[in-house]
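Chemist: Make a model of this:
(chains A, B, C and D)
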Number of protein chains: 2
Amino acid sequence: MTGKRPGYFEENNEPISARIATGLHKIGLAMKQQSWQQANGVGLSATQGQILATLVASGPLTGKELSERLGVTLPTISDSVRVLVEKAMVTRSADPRHPRASLLTPTAAGAALGARARSWPEFMADAVADLAPEEQRAFFAGIVKMIRMLQEQGLVPVSGMCVTCKHFRPNVRTGPAPHHCAFVDAPLSSEQLRLDCPEHELAAESARREVWEQFMRRA
Amino acid sequence: MTGKRPGYFEENNEPISARIATGLHKIGLAMKQQSWQQANGVGLSATQGQILATLVASGPLTGKELSERLGVTLPTISDSVRVLVEKAMVTRSADPRHPRASLLTPTAAGAALGARARSWPEFMADAVADLAPEEQRAFFAGIVKMIRMLQEQGLVPVSGMCVTCKHFRPNVRTGPAPHHCAFVDAPLSSEQLRLDCPEHELAAESARREVWEQFMRRA
DNA sequence: GATGTAACTTAGGACTCCTAAGTAGTCAGG
DNA sequence: CCTGACTACTTAGGAGTCCTAAGTTACATC
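Modeler: Residues are numbered from 1 along each chain as shown, chains lettered A, B, ... in the order given. Here you go, the predicted structure:
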């Protein structure tokens, strides 16, 4: 079992970054299927479930905001929302901030389903639950950096990540929790970073870059 | 900057596994959008591109095999294939193995587009290319373990992963490349594991479990 | 009051994806 | 040899996804 072709896999393998991409692709396949099935299980479509989940998670939003968060165009949202209104899952109300906008608020039934829909990605959490804590941390760190990169390229909607937030202070102390959130005035560690913080406020372009550099300096 | 609420993020944060799931969800969003856009850019639909990419990567397949790999039902494939035949991207030929099956082979034009489609997930590879090699290894290790878990649960089609292959011998030696592939008779390291090996042969259920245990013992 | 702007909505069309109901080869048993 | 089961598809029908393009409508500005 010593192996007759010691260098085989150095020469005949895709780079690890490409294999990471392949792996994420496979995981994406599972996500797509799961959300389809779970949504159908409760009598919704996948997008309808996502809309309800988002409204429950973030509070009332306008159609425009929804379309940005879910990465689809306004007409697509408009269509799904119409069905949700027909199903009495959401109600429209005037938005004080914009003239022609309407805030979408889930009804009791909609909120209940939205809460369930929020747990749809849980099957992935279960799939990583068996990893050692340190492996989870490393995995998470990779994801954070990858998402940040995708955001830079405009491939992912900028969403509530600590590392793009104006309240985030990276590496301001030593120890296990080197970062700081100025909003809640609390220290936090790299593995406590949020990806979907409700209090997130996007920092200015230049500040974002600076924060990121500071963060990477001792990530 | 000492922080007035030191325990805030211990108490008010989702578990790391849930945040990993959220992150993967966001990455999935980007994948969906990217494949839509890239496919449209070359005059295909997303599934059509995937079909061509799969045929280029794996050689001629039947409709059934395609439906299993892409995780959709046979009618969906059948429909897309009809369009691809109309577009002269693939041709059908008899399959010696099955009576009523037909092997799908890309034409020259189809193969060219399929080759391009294979590179669609590359934007993700680019997004992780900036990570330190060690971070990439850790990220990859998490992905491998996660996919294996998803396969166990039947949420992902069993695909050419070393860790489910009958030629894979985990942890048979010490050093940087502890595993061994009996097919090519070459040593390989954890970060060289393949997710999509064309020579993959699924090991029997019991052997799979044993191989995995052996692999995890010193992963 | 005309023009613009922002946030929708509607219309139309291509694709996705399913279930259910055919169809067509082959093979095994009688 | 013929019938029935099996397998691999195909067709039909229907809901949903997603886009672009073309309206609508409320308010803000000039």
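
Chemist: So what does the closest residue to A:Gly160 other than its chain neighbours look like in phi/psi?
Modeler: Excluding its sequence neighbours, the residue lying closest to A:Gly160 (C-beta to C-beta, 6 or more residues apart in numbering or on different chains) is A:His200, at 3.3 Å. To be clear about C-beta, it is placed using only N, CA and C from the backbone, and glycine gets the same treatment. Backbone torsions for A:His200, taken as degrees, to the nearest 10, come to phi -60, psi 130.

Chemist: how many other residues sit next to A:His200?
Modeler: Neighbour count for A:His200, taken as other C-beta atoms under 10 Å in any protein chain shown: 20.

Chemist: In this structure it contacts A:Val158, no?
Modeler: No: using C-beta atoms under 8 Å, A:His200 is not in contact with A:Val158, being 9.0 Å away.

Chemist: what do these two both touch?
Modeler: A:Thr164 (C-beta atoms under 8 Å, 6 or more residues apart in numbering or on different chains).

Chemist: Break chain A down into its structural domains.
Modeler: Annotated domains of chain A cover A:17-118, A:131-217 [automatic domain parsing].

Chemist: just to revisit the earlier point, against A:Arg19, how distant is the residue nearest to A:Gly160?
Modeler: Here the criterion is C-beta to C-beta, to the nearest Å. By it, A:His200 lies 32 Å from A:Arg19.

Chemist: next one: A:Thr91
Modeler: Distance, A:Thr91 to A:Arg19, by C-beta to C-beta: 47 Å.

Chemist: Compare these two (neighbour count), which wins?
Modeler: Neighbour totals were compared for A:Thr91 and A:Arg19, and A:Arg19 leads with 22 against 15 (other C-beta under 10 Å).

Chemist: That one belongs to a helix, doesn't it?
Modeler: Yes: counting by DSSP: H, G, I helix; E, B strand; the rest coil, A:Arg19 is part of a helix.

Chemist: What residues does it make contact with?
Modeler: Shown in contact with A:Arg19 (C-beta under 8 Å, 6+ apart): A:13, B:140, B:193-195.

Chemist: give me that answer again for 6 Å
Modeler: The neighbours of A:Arg19, taking C-beta atoms under 6 Å, 6 or more residues apart in numbering or on different chains as the test, are B:Leu195.

Chemist: and if you look at the one 10 residues further on?
Modeler: The neighbours of A:Leu29, taking C-beta under 6 Å, 6+ apart as the test, are B:Gly71.

Chemist: Do you know the pLDDT at it?
Modeler: Note on A:Leu29: pLDDT of 91.

Chemist: Work out for me the element it sits within.
Modeler: Taking DSSP states H and E as the criterion, A:Leu29 maps to helix A:16-41.

Chemist: Mind listing what's buried along that helix?
Modeler: A:16-32, A:34-35, A:38-39 (16 or more other C-beta atoms under 10 Å in any protein chain shown).

Chemist: Please enumerate the helices of chain A.
Modeler: Using DSSP state H, the helices found in chain A span residues A:8-11, A:16-41, A:46-58, A:63-70, A:74-86, A:108-118, A:122-129, A:133-152, A:205-217.

Chemist: Let me have those in a markdown table, adding distance to B:Leu66 as columns.
Modeler: Shown next, in a markdown table, are these (distance: least, C-beta to C-beta, whole Å):
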| stretch | distance to B:Leu66 |
| --- | --- |
| helix A:8-11 | 28 |
| helix A:16-41 | 13 |
| helix A:46-58 | 22 |
| helix A:63-70 | 29 |
| helix A:74-86 | 28 |
| helix A:108-118 | 30 |
| helix A:122-129 | 25 |
| helix A:133-152 | 29 |
| helix A:205-217 | 42 |
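
Chemist: Which among those is found nearest to B:Glu205?
Modeler: For B:Glu205, the closest of those is helix A:122-129, at 19.2 Å, according to C-beta to C-beta.

Chemist: and the angle from that closest one to helix B:133-152?
Modeler: If you take axes from the mean of the first three to the mean of the last three C-alpha atoms, to 10 degrees, helix A:122-129 sits at 120 degrees to helix B:133-152.

Chemist: Which elements pack onto helix A:122-129?
Modeler: Applying 3 or more C-beta pairs under 6 Å, 6 or more residues apart in numbering or on different chains; DSSP states H and E, one finds that helix A:122-129 contacts helix B:16-41, helix B:133-152.

Chemist: can you tell me if stretch A:15-25 touches DNA strand C.
Modeler: No: Stretch A:15-25 is not in contact with DNA strand C by C-beta under 7 Å from any atom of the strand; minimum separation 13.7 Å.
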